[in-house]
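Enquirer: Next input, structure requested:
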Amino acid sequence: MQLWLQKHHLRWKIGLVMILGLLFMANYVMAEQPESVKTIPNWEMKWGGPDDTIQDIISSTQEDSWITIESGAEMPDKPDKVSTAWIHIQLPNQLPKDYGMYIDGIYAQHVSVYIGDRLLNEVKFNFPYDEQRSLLPISAEDGGGSVYLKLQTSMDQLGIHSDIRLDHYSLLTRTFIFRDLQNIILGFAFLFIAVIMLVCSFFLKQKQRTSWISLSLIILTLGMIFLTYSPFLYANFTPFGALIVNTFDVSLAVFLPSLIYFFEKIFDNGKFKWIRIFRKFQIGYSAFCLILMVLNQLNHYQLLDIYSFFSLTLLSVIMILQFILIIGLSIVFVIRGNREAVIFSSGFAIFALMGIFDLILYYTNNQKYQFFLWKFGVVGFIIALIVILGRRFAMNQEQMSNYSKELEFYNHQLQLSEKMEMISSLAASVAHEVRNPLQVTRGFLQLVAARTDDKNKEYMTIAIEELDRASVIITDFLTFAKPQLDELVELNVSKEISQIEGIIVPLATLNGGRIIVNVPTDLHISGNSSKLKQILINIIKNSIEAFQADGQIHIWAYEKNEEVFIHIKDNGEGIEPMQLRKLGEPYYSTKTKGTGLGLMVTFRLIEIMKGRIEFKSQRYQGTEVIIRFPNVTIH
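Expert: So this is what the prediction gives:
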């Protein structure tokens, strides 16, 4: 899964950039105002009854019942128990050919449009949604005529809340189509991302799946909110209007608990009990609103006032409290140094700033401005959530990788420990018993060799040498089985290395190489002098035996982080990576006649002296051994 995320990371970035580009294009096209555009300076409005006909309105002589409304002014409040309003628009005397009239904002569920007494268009919503817009073709013959709109609703608002624009019909059609393009692009983009994430969640582990699905639900519900918020769907898919309204309510009911749940899983993870309580309350309240929505629809919207109170008025208060809670906690986590909280707060700040800019532009443009910046804020917020989740997955992947490496290391150490324990038991029980008969045999061989001829004496000498080699192996066994540091003293690393130079320098010279020593005189460790020398001689001898042409061994030491580091580096034939992992195991050696016991004893002695050893090597480029011991400060 992590590989898939890395592989498609660039494509996601490109996709988001394309989405933002399309949104800017859509906003540019929507905001473009041709020079020929005209607006109706004012129109008339009167309250009516549901049974009023166009003939009644035209023949009416009550001129004082009409209210003149200037373009840009607020529409009058709808009186109680009034469900019908009439709008009278006077067209200019001169109209070009192929003209049109566009009204961007109409509050009504049922809109009937007349030119004179001729019905031109009719749109009726049999569901609780009252945001409409109207585009009408008008011709030159309609110049100086009257346009009447009959508006009917069962909701709280009624009237026109936007300019009435006149322009060429083709230009107004483009504006009408692109008016909701931002919502449609964002909606389908979010839906596409959410579906991909939900499919991918089947391939995740249970621990990762919860936060992944919660973010998927956030993106999915936001996509549905963008789509169902658009009047374009209601105007063009009127038979499915009730389903669209219900989808909006369901999406909002799912979005809020998903957001608080995602926040809880990423930041809180059960630390604060009252956040969990609020999340459970949010889930319960959303379920209550959904049940109320079903009851309202089954009763043909007779419970609309009650449902509106709980799903709109009271839910808005709960949303504000939820956002305050999330913002407050994110600030707390930012103060504590949580980087994910910084990303979350930045995304939420982008969303808040875009909303504030929208409000400023709205009021500075006489409330004629169409909100769109908040949509980019939502995109920024979602990107921040995706970055947080991606960062969390990267951290989990790194933890799993480290855990796998640690598990492999400890498994190797366990196997090595078991082997060491087995060899230690074997050595302790057998070594002493074997050494005694060997010494006796060696003694008799020496006596026999002293009384035999030269030819047999040669054979006796070979036998004695082999017995001595067997004795050395047994001694290594005993050293490994029961390593004892007879006395722990403060050792000067420089002096200890100087004392073994008389042994190792001639040996290196004999093998055609040289040794370079660079050790400060103020490095001290705690240990046993003879055992430290045994450690260093064993390792340096291995380096000398690995000499090639122009062999060289460099020995240096230093103090770092309260530890003394001793480096022994040669330019020999090197060791394969797979062989490095087996160094120190019983009976494993890279030498033809080696037993592996010498390096095994070296490992054990370093362990007893509370030190650590590390090998670095490349084939034909040499080997570097790093030994570290706790530093001893001289007072």
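
Enquirer: Every contact and neighbour count from this point should use C-alpha atoms.
Expert: OK.

Enquirer: What's the local residue count around D52?
Expert: Neighbour count of D52, defined by other Cα atoms under 10 Å: 13.

Enquirer: that's a strand at it, yeah?
Expert: No: per DSSP: H, G, I helix; E, B strand; the rest coil, D52 lies outside any strand segment and is coil.

Enquirer: Partner strands of the helix or strand containing S617, with direction?
Expert: Here S617, judged by DSSP states H and E, is contained in strand 612-618. Note on strand 612-618: by DSSP bridges, its sheet partners are strand 622-630 (antiparallel).

Enquirer: got the end-to-end distance for stretch 54-72?
Expert: This stretch, stretch 54-72, spans 27 Å end to end (Cα to Cα, to the nearest Å).

Enquirer: ok, and for it, which residues are buried?
Expert: Applying a neighbour-count criterion of 16 or more other Cα atoms under 10 Å, the buried positions in stretch 54-72 are I54, I57, I69, S71, G72.

Enquirer: Pick out the residue nearest the middle of this protein.
Expert: Taking Cα atoms, centre = their mean as the criterion, G390 is the residue nearest the geometric centre of the chain, at 1.7 Å.

Enquirer: Secondary structure class of that residue, three-state.
Expert: Taking three-state DSSP, the label given to G390 is helix.

Enquirer: Read off the pLDDT value for it.
Expert: In the predicted model, G390 carries a pLDDT score of 79.

Enquirer: re earlier: filter the buried residues of stretch 54-72 down to the ones in helices?
Expert: Within the buried residues of stretch 54-72, membership in helices is found for I54, I57, as judged by DSSP state H.

Enquirer: Looking at the buried residues of stretch 54-72, which is nearest F125?
Expert: I54 (20.3 Å; Cα to Cα).

Enquirer: excluding its backbone neighbours, what's nearest I54?
Expert: Taking Cα to Cα, 6 or more residues apart in numbering, and ignoring the residues beside it in sequence, I54 has D117 as its nearest neighbour in space, at 6.1 Å.

Enquirer: Based on its surroundings, how many neighbours for the one you found?
Expert: A count of neighbours around D117, defined by other Cα under 10 Å, yields 15.

Enquirer: Enumerate every residue touching it.
Expert: Contacts here follow Cα atoms under 8 Å, 6 or more residues apart in numbering; on that basis D117 touches I54, Q55, I58.

Enquirer: so how far is V245 from the last one?
Expert: As judged by Cα to Cα, I58 and V245 stand 36 Å apart.

Enquirer: what does the strand holding S617 rub up against?
Expert: Outside strand 612-618, the residues that touch it by Cα under 8 Å, 6+ apart are 574-577, 580, 603, 606, 623-629.

Enquirer: Output that strand in PDB, but only the C-alpha positions, please.
Expert: As requested, the backbone C-alpha atoms of strand 612-618 are provided in PDB (Å, rounded to 0.1, in the frame of the first residue of the first chain):
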ATOM      1  CA  ARG A 612      30.200  -3.400  21.700                       C
ATOM      2  CA  ILE A 613      31.800  -4.300  18.400                       C
ATOM      3  CA  GLU A 614      30.800  -3.500  14.800                       C
ATOM      4  CA  PHE A 615      32.100  -4.500  11.400                       C
ATOM      5  CA  LYS A 616      32.100  -2.500   8.200                       C
ATOM      6  CA  SER A 617      33.500  -4.100   5.100                       C
ATOM      7  CA  GLN A 618      33.400  -4.200   1.300                       C
END
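
Enquirer: roughly how far apart are G513 and Q618?
Expert: G513 sits at a distance of 20 Å from Q618 (criterion: Cα to Cα).

Enquirer: shaky segments in the stretch 1-150 of the chain?
Expert: Applying pLDDT under 70 to the stretch 1-150 of the chain flags residues 1-37, 61-64.

Enquirer: now swap in the stretch 301-450 of the chain and tell me
Expert: Scanning the stretch 301-450 of the chain for pLDDT under 70 picks out 359, 362-363, 365-372, 413, 416-433.

Enquirer: So which residues of it form helices?
Expert: Assigned by DSSP state H, counting those that start in this stretch, the stretch 301-450 of the chain shows helices spanning 304-308, 314-335, 339-364, 373-450.

Enquirer: Quick check: buried residues in the third one?
Expert: Spelled out, it's helix 339-364. By neighbour count on 16+ other Cα under 10 Å, the buried set for helix 339-364 is 340-352, 354-355, 358-359, 361.

Enquirer: Show me how far that helix is from its chain's centre.
Expert: Once both centres are worked out by Cα atoms, centre = their mean, to the nearest Å, helix 339-364 turns out to sit 21 Å from its chain's centre.
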